[in-house]
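Colleague: Quick one: sequence and predicted model below, then my questions.
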Amino acid sequence: MRITKNFTLCELTKSEYATRKGIDNTAPNEAVVNLVILTKKVLQPIRDKLGAVIVTSGYRSPDLNKAVGGSKISDHCRGIAVDFEVLGMDNMDVAKWIRDNLTFKQLILEFYNEGDPTSGWIHLSYKEGENNNEVLRARYSGKKVVYTQGIE
């Protein structure tokens, strides 16, 4: 199912990990509706302005989310979050553009290392009524993930 001119439902629900492990990652109707809105409100505008978006994680069924060690309250399970990169762009630059130009629930620049423009990825969520433009950065501190306000 094509959602916008550049995105399909399949790319927002596909998981190689789920396929390899035999985990059903079929999105329920509510999650599909949320994915359509997320795509129209944030992913397509990013694609239109910055270029090709490579989705690395979209919808996750509860079983898949548990298997990959996701948060028990992950927005991925509701179909309102996506992890991605923009082909050929520094993830910090992408995160700054999103912060300055879009409305969203949460933007997390995850595991980005200065000087390595291909490190990490961007987590972005969107849900009407829940959008407060929270901007965070995730880093490892030892084996623990630490979140700080802002991306710089």
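Modeller: Structure received. Numbers count the residues shown, from 1 in each chain.
Colleague: right, and residue 67 touches residue 23 too?
Modeller: Yes - the criterion here is C-beta atoms under 8 Å, and residue 67 meets it with residue 23 at 6.1 Å. For glycine as for every other residue, the C-beta is placed from the backbone atoms N, C-alpha and C.
Colleague: These two: who's more crowded?
Modeller: residue 23 (18 against 15; other C-beta atoms under 10 Å).
Colleague: quick one on the thing from earlier: can you pull the residues that touch both of residue 67 and residue 23?
Modeller: Shared contacts of residue 67 and residue 23 (C-beta atoms under 8 Å, 6 or more residues apart in numbering): residue 17.
Colleague: Tell me which stretches of this protein form strands.
Modeller: Using DSSP state E, the strands of the chain run over residues 53-57, 81-86, 106-110, 121-125, 134-141, 144-149.
Colleague: Quick one: closest of the ones you listed to residue 92.
Modeller: strand 106-110 (6.6 Å; C-beta to C-beta).
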